[in-house]
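J.: give me coordinates for this.
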Amino acid sequence: MHVVSIDKQAINELPRVNFAGHIHVIDAISQVNSAVTALRTSPIVGFDTETRPCFHRGERHNIALLQLSTQHDAFLFRVNKTGVPEPLKRFLEDKSIIKIGLSTTDDFHQLSRVCDCQPAGFIELQKLVKEYQITDMSLQKIYAILFEQKISKGQQLSNWEATQLTEAQQQYAAIDAWACLQIYNHLMAGNFIPQESHYWHELVEQD
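T.: The predicted structure is shown next:
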């Protein structure tokens with residue numbers, strides 16, 4: 001049996017990806033409507049969320065950031081400041097707009113703790129990539145396999161509830177949503193053939 005997978009060492013040798021588009025930080029309710037209007041011009045968007053990490057037993061934080069990205073624009077909704085206003089909620093529930101995410105069950109669970117939302121129109125990348133014999137399930141590994149670039153995870157455990165998001169945090173958050181869209185578009189365009197991948201190899205069964 002052959003599969004497509006990549007190890008950490010191979011990832012570390014790859015060039016780092018950067019988001020070259022525009023990043024829009026939405027931290028006031030007055031900004032939400034125009035942001036959602038802009039997103040509605042794209043039939044497909046990438047999706048992700050960020051939550052402040054927990055370092056102590058019993059500690060729990062609600063979702064802090066919700067990211068939606070088109071090809072050239074990433075919108076970072078600071079829901080710890082604005083909540084999930086009605087225009088954003090309707091967008092997430094609109095089945096006519098395709099949203100691409102990874103590990104979306106976890107995102108939806110986090111979302112359910114801050115609003116009564118019924119997400120629709122979502123495609124889960126972890127299910128999709130299995131059709132291409134990719135066995136890695138992390139965004140970093142899937143992106144590396146397809147594009148031979150590394151998504152830095154340096155900001156993953158940063159404080160997503162900070163008063164201001166740093167440029168590094170904004171880049172990280174934008175890339176996570178944008179990368180989901182890139183992966184989906186690449187696969188749907190027929191640009192990935194498992195047997196031709198550098199990371200195609202025979203699965204060695206462990207005793």
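J.: which residues touch the residue nearest to L102 when sequence neighbours are not counted?
T.: Among residues not flanking L102 along the chain, L125 sits closest, at 4.4 Å (C-beta to C-beta, 6 or more residues apart in numbering). (Each C-beta comes from the backbone N, C-alpha and C, glycine too.) By C-beta atoms under 8 Å, 6 or more residues apart in numbering, L125 lies in contact with I100, G101, L102, L139, I142, C180, I183, Y184.
J.: what does L125 show for phi and psi?
T.: phi -70, psi -30 (degrees, to the nearest 10).
J.: same check on the one 5 residues further on?
T.: Summarising the backbone geometry of K130 under the convention degrees, to the nearest 10, its torsions are phi -60, psi -30.
J.: tally of neighbours for T49?
T.: By other C-beta atoms under 10 Å, 23 other residues sit near T49.
J.: now do the SS call for it.
T.: strand (DSSP: H, G, I helix; E, B strand; the rest coil).
J.: does it touch S112 like I think?
T.: No: the criterion here is C-beta atoms under 8 Å, and T49 misses it with S112 at 11.7 Å.
J.: give the contact list for W200.
T.: H2, V3, V4, Q133, P194.
J.: buried ones among these?
T.: For the contacts of W200, a burial check counting by 16 or more other C-beta atoms under 10 Å picks out V4, Q133.
J.: out of the contacts of W200, which are inside strands?
T.: Using DSSP state E, H2, V3, V4 are the members of the contacts of W200 that sit in strands.
J.: can you map out the helices along the protein?
T.: Remark: helices assigned in the chain by DSSP state H are 8-12, 29-39, 79-82, 86-93, 104-112, 125-128, 139-147, 167-188.
J.: for S69, which of the ones you listed is the nearest?
T.: Closest to S69 of the helices of the chain, according to C-beta to C-beta: helix 167-188, at 3.9 Å.
J.: can I get that closest one as PDB, trimmed to CA atoms?
T.: Output of helix 167-188 as PDB, limited to C-alpha atoms (Å, rounded to 0.1, in the frame of the first residue of the first chain):
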ATOM      1  CA  GLU A 167       2.100  41.500  12.600                       C
ATOM      2  CA  ALA A 168       3.400  38.000  13.200                       C
ATOM      3  CA  GLN A 169       0.100  37.000  14.700                       C
ATOM      4  CA  GLN A 170      -1.800  38.500  11.800                       C
ATOM      5  CA  GLN A 171       0.300  36.700   9.200                       C
ATOM      6  CA  TYR A 172      -0.100  33.400  11.000                       C
ATOM      7  CA  ALA A 173      -3.900  33.800  11.300                       C
ATOM      8  CA  ALA A 174      -4.300  34.900   7.700                       C
ATOM      9  CA  ILE A 175      -2.100  32.100   6.400                       C
ATOM     10  CA  ASP A 176      -4.100  29.400   8.200                       C
ATOM     11  CA  ALA A 177      -7.400  30.400   6.500                       C
ATOM     12  CA  TRP A 178      -5.800  31.300   3.200                       C
ATOM     13  CA  ALA A 179      -3.900  28.000   3.100                       C
ATOM     14  CA  CYS A 180      -7.100  26.000   3.400                       C
ATOM     15  CA  LEU A 181      -8.400  27.700   0.300                       C
ATOM     16  CA  GLN A 182      -5.200  27.100  -1.600                       C
ATOM     17  CA  ILE A 183      -5.200  23.400  -0.800                       C
ATOM     18  CA  TYR A 184      -8.800  23.000  -2.000                       C
ATOM     19  CA  ASN A 185      -8.300  24.900  -5.200                       C
ATOM     20  CA  HIS A 186      -5.100  23.000  -6.000                       C
ATOM     21  CA  LEU A 187      -6.800  19.600  -5.500                       C
ATOM     22  CA  MET A 188      -9.900  20.600  -7.400                       C
END
